[in-house]
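A.B. asks: Could you work out the structure for the sequence below:
(chains A, B and C)
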Amino acid sequence: MSTSTGLEQDAVRAEARRGLLIGLPAIATLTVLFAIPLIIVVAYSFGTRTRTGRTDFSTLDLSAYQRLADPLVLEIVSRSLGYALLTTVICLIVGYPFAYHLATRTPRVRAVLLVLVMLPFWSNFLVRTYAWRVLLGSDGPLVRLLGALGIDDVVLLFTPFAIVLGLVYGFLPFMVLPLYAAIERIDHTLIEAARDLHASGWGAFRAVTLPLSRSGVIAGSVLVFIPAFGAYVTPELLGGSRTTMLGSYVVRQFLSARDWPFGSALSVAILAVMLLATTAYFRTGGRSL
Amino acid sequence: MSAPAGVGPAVSLRGIRKVFPGHRGAEDTVALEGVDLDIADGEFFSLLGPSGCGKTTLLRIIAGLEFPTSGSVRINGREVGLEPPDRRPVNTVFQAYALFPHMTIADNIAFGLRMKRVPSDEIRRRVTEALELVRLTGREDRMPSQVSGGQQQRVALARALVNRPEVLLLDEPLGALDLKLRQAMQLELKTLQERVGITFILVTHDQEEALAMSDRLGVMDGGELVQVGTPGEVYERPNTRFVANFLGDSNLLTATVVDDGALRLADGSIARATAGRPVGSTVTIALRPEHLDLRHADAPRDAHLDAVHGVVVKAFYMGSAIYYDVVLDGTEGMLIEVRQGNAPGIENYGVGERVRVRWNPHSTTVLAD
Amino acid sequence: MSALGAATARLRRPRPPRTLAPTRAVERLLAGNAWLVFAFLYLPIIALVVLSFNDNRLASVWGGASLRWYRELVSDAAVLSALRNSLIVAVASTVVATALGTAAAIALERFRWRGRRTFDGMLFLPVIIPDVTMAVMMLLFFVQVFRFAGNMLGITGAFGLTTIILSHVAFNISFVAIVVRARLAGMDHVLEEAAADLYASPWQSFRHVTLPLIAPGIAGGALLALTLSLDDVVITSFVAGPGSTTLPVYVFSLVRRGVTPLINAVSVLMLAGSMLLVIVSLSLQGRRTGGERRRDGQRSLPSA
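C.D. replies: Predicted coordinates:
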């Protein structure tokens, strides 16, 4: 009688080898094209800018990070945070009832409506944002419409209003889709049970639907907040010089100011905020995005 | 635990142990421990046990979908423990059938033959035969989602049988069907097995299914094979409390060995049974409720039957039978369940009535634990 | 007994969902909100399409319908070259990212190996990282690579289509991997076991069972990669060289100089392109359903 001890370990090892082998091309690519670039950015953030705009690595220090405390930088950071939070809240207020409405349609209607939500999401982001520039412009239809209503000299473009509008427009589907998924999953007999136990319609919503769709609320909020905070295209197209957001400010360090260490430090800081937001998301019991 | 007479066992397991390593500091789980089993060629064998007893793991080890931590798996004498599933002469009917949703029924059935590079005209012939065998002729171009659950089940059977495996493994194949269909399929499976003559190993938690279909069955508990035998042997002579209660219901009574062939029960009465244990030791005996019957406490004794006395505390009218709960004398409130067959003229007993519970000494089983 | 049975049966019969749907007033509000959201999502797009046919330079003055801007567009060499670059970058980066991302998804979802969790985390980062940070990373990386290549190997590297493609691959792998992985997770592993049980080798099992069943996921991932690549402005503008400007970068620079109806026409073409992609993929996905296990016995919210 042959006894095959150790057989299982061989199988486990063979599986591990195969898994690593299949993943290897992607691991190698991401190491070279993502992990190493990330390390280089961190390295730059400790360098100093020479007078000619080059980066000096001979003295590594925190001087680039110290400049994050500049009042100008703080103003831009808090503005970005503010716009991003406002965008998230508006998306949530508009998106939740919208997603609820979607989730309570018949399957056939639901499928059509979902495609209608997805279509703009898949369309070119730059173009969709550009459309608002046309609509909000000083000779655009909205200003003319307001003028016809007797409201003259309204400036819509290049204002915080335009930026937040653009951000909401760009990222609303990110809020709607996870909310929809979460609400659609809810077993409706639970709501029946709540009604049976004397909850009013609103009471059942608060006691059952809302808590059970929490994962969607959190996922949607994170998915809107992160790109809104780091946005570049939207504030560039719809904002003005007094509404600079962090994304544009970083780009400026590279394309015009040539202050790469400071730009790198800003990038690292943005990355830190993103990681914080996502960690908070997973801590609150979020599932994979 | 040797197989009935035949050439050699179709499946032979020795010392099978399976440990699932715990994830992130959790303790390891021992799924199987010291399983030895021989299954004869052409036998219909069932592995029976509650969920988590290791029966599915054992089946997966035979199929090659799981590797044993240690032990030997032989199929018709050949050691296959090291071989992946695609090189084993066994096929499986999976629990939820695992039909390929993107292939027609014919393509599902032909899959194994295609993988083995059987010539295409032979594939066509064998698929046609298999469809006839499971009475699905005419459905070959449907997708699995377009046929009923019972038909899906038959596709899964055909897909496995068409390969003419040396052993067919069935993992709770009837679990997803409703009661009526399940009973019909039990009969059909049994007939089919007799017709094709292939060794069937069935995993189930349904005792009736195992009793009705199997030539022999093995009861599993906590990763161990606790009893192996024909349905009659296992049902009539359970060897442990677990088996006594997992297959059907049993009344378990404590008794003391008086001498070889006699046990003293709690109320002092004597039950005739051979314990094979020293005088004075305590044993547990099992009595099936349907093997018991009731008489008035003062009715004349029958010397051929053993008996205890007690008081009826509950009576349930169940139509074909009447169920009684009787508290036994000399035990502190211990109940015994009696299922008295209902027939014209049979006497009913009311709550509070003193009764004698009687049984044939042959139906007494002394348990090993 | 039978009266009791009938009573319980009546109790168990599901109540009409109408009583559970929001009241009529709430329902109206929800529907109104939905209409507003759809209007909000589509009005700008519709306006853009209409304006692209406006013969007048001014957006607010209708000068009659014409194809003037489209004609100007097809004779604009800069636009055509940018379009060519965009297509090259999008297709190349999508092909590479789809292959690598699919392999990564399979390695993560179907195998247990050391370093799996670390890789999982690394794969997640490019998704949450903002474009701007990614752009900075790629710029500094290539600057260092070129410096290294120049100093050590005497090779002069330059920013161009290759650097753009590599950058797009870098962010697209993760998106493809996530989409494919979701599809794999939704596919019951027992199907692969069944294939192995029916004598399929690991490769045959992948080829005949896994691949056809995750194909919609791979197509979805590829579509997402294509879209993201065609969307990207920031990263591309950081790593583009002379002559390698892509269409979004070109449009972006035009827009910053001022709005002209020519941009409207380009935009409408870009929109039409993305919509076409989506519609093609939707019809493909519609034809290939299955492989996903639907959870039974669970009803979703009532349909009002």
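A.B. asks: List the contacts of residue 229.
C.D. replies: Since you didn't name a chain, this refers to chain A. A:80-81, A:84, A:246, A:270, A:273-274, C:130 (C-beta atoms under 8 Å, 6 or more residues apart in numbering or on different chains). Using the backbone N, CA and C atoms, a C-beta is placed for each residue, glycine as well.
A.B. asks: actually chain C
C.D. replies: C:89-90, C:93-94, C:168, C:172.
A.B. asks: secondary structure class for it?
C.D. replies: helix (DSSP: H, G, I helix; E, B strand; the rest coil).
A.B. asks: Residue A:223 too?
C.D. replies: helix.
A.B. asks: per-residue confidence at it?
C.D. replies: Turning to residue A:223, the model gives it a pLDDT of 89.
A.B. asks: and if you look at residue A:137?
C.D. replies: At residue A:137, pLDDT is 85.
A.B. asks: Let's verify the residue sitting nearest the centre point of chain C: helix, strand, or coil?
C.D. replies: Centroid-nearest residue in chain C: residue C:224, 2.2 Å away (criterion: C-alpha atoms, centre = their mean). Assigned by three-state DSSP, the conformation of residue C:224 is helix.
A.B. asks: do you know how far it is from residue B:283?
C.D. replies: Per C-beta to C-beta, to the nearest Å, residue C:224 is found 70 Å from residue B:283.
A.B. asks: Residue A:75 too?
C.D. replies: Distance from residue A:75 to residue B:283, by C-beta to C-beta: 87 Å.
A.B. asks: who's more crowded, the two?
C.D. replies: residue B:283 (18 against 11; other C-beta atoms under 10 Å in any protein chain shown).
A.B. asks: Nearest to chain C: which residue in the stretch 51-200 of chain A?
C.D. replies: residue A:131 (3.6 Å; C-beta to the nearest C-beta).
A.B. asks: quick one, phi/psi of that residue?
C.D. replies: phi -60, psi -40 (degrees, to the nearest 10).
A.B. asks: now it, nearest residue through space, not along the chain?
C.D. replies: residue C:44 (3.6 Å; C-beta to C-beta, 6 or more residues apart in numbering or on different chains).
A.B. asks: ok, the one you found touching residue A:136?
C.D. replies: No. Counting by C-beta atoms under 8 Å, residue C:44 sits too far from residue A:136 to count as a contact (9.6 Å).
A.B. asks: Which parts of the stretch 51-200 of chain B are strands?
C.D. replies: For the stretch 51-200 of chain B, the strands defined by DSSP state E, counting those that start in this stretch cover B:70-75, B:78-79, B:90-93, B:167-171, B:199-204.
A.B. asks: okay, these in TSV with mean pLDDT next?
C.D. replies: Converted to TSV, those look like this (pLDDT from 0 to 100):
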stretch	mean pLDDT
strand B:70-75	92
strand B:78-79	92
strand B:90-93	95
strand B:167-171	96
strand B:199-204	96
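A.B. asks: before we move on, the earlier item: quick one: the residue nearest to residue A:131 from chain B, how far?
C.D. replies: 40 Å (C-beta to the nearest C-beta, to the nearest Å).
A.B. asks: Walk me through the domains of the chain.
C.D. replies: Answering for chain A, as no chain was given. A:7-45, A:65-283 (automatic domain parsing).
A.B. asks: Oops, wrong one, chain B.
C.D. replies: When chain B is cut into domains by automatic domain parsing, you get B:9-243, B:249-366.
A.B. asks: hey, least reliable of these by pLDDT?
C.D. replies: domain B:249-366 (a mean of 88).
A.B. asks: now the end-to-end length of it.
C.D. replies: Using C-alpha to C-alpha, to the nearest Å, the end-to-end distance of domain B:249-366 comes out at 15 Å.
A.B. asks: Is there proximity between it and chain C?
C.D. replies: No. Using C-beta under 8 Å from any C-beta of the partner chain, domain B:249-366 stays clear of chain C, with a minimum separation of 11.4 Å.
A.B. asks: Pull the distance from that domain to the chain's centre.
C.D. replies: The chain centroid and the centroid of domain B:249-366 are separated by 27 Å, computed with C-alpha atoms, centre = their mean, to the nearest Å.
A.B. asks: same thing with stretch C:156-170?
C.D. replies: On C-alpha atoms, centre = their mean, the centre of stretch C:156-170 falls 21 Å from the chain's centre.
A.B. asks: Secondary structure class of residue B:248, three-state.
C.D. replies: coil.
A.B. asks: Am I right that it is in contact with residue B:231?
C.D. replies: No. Applying C-beta under 8 Å, one finds residue B:248 not in contact with residue B:231, separated by 11.0 Å.
A.B. asks: And the two? Which one has more around it.
C.D. replies: residue B:231 (19 against 16).
A.B. asks: where's the nearest residue to that one once chain neighbours are set aside relative to residue B:288, distance?
C.D. replies: Leaving out its chain neighbours, the residue that sits closest to residue B:231 by C-beta to C-beta, 6+ apart is residue B:211, at 4.4 Å. In this structure, residue B:211 and residue B:288 are 13 Å apart, going by C-beta to C-beta.
A.B. asks: who has more neighbours, those two?
C.D. replies: residue B:288 (21 against 18).
A.B. asks: List the residues that contact that one.
C.D. replies: Taking C-beta under 8 Å, 6+ apart, one finds B:248-251, B:363 in contact with residue B:288.
A.B. asks: ok, whichever residue of the stretch 201-350 of chain B sits closest to chain A - how many residues close by?
C.D. replies: Proximity of the stretch 201-350 of chain B to chain A (C-beta to the nearest C-beta) peaks at residue B:223, 15.3 Å away. Per other C-beta under 10 Å, the neighbour tally for residue B:223 reads 23.
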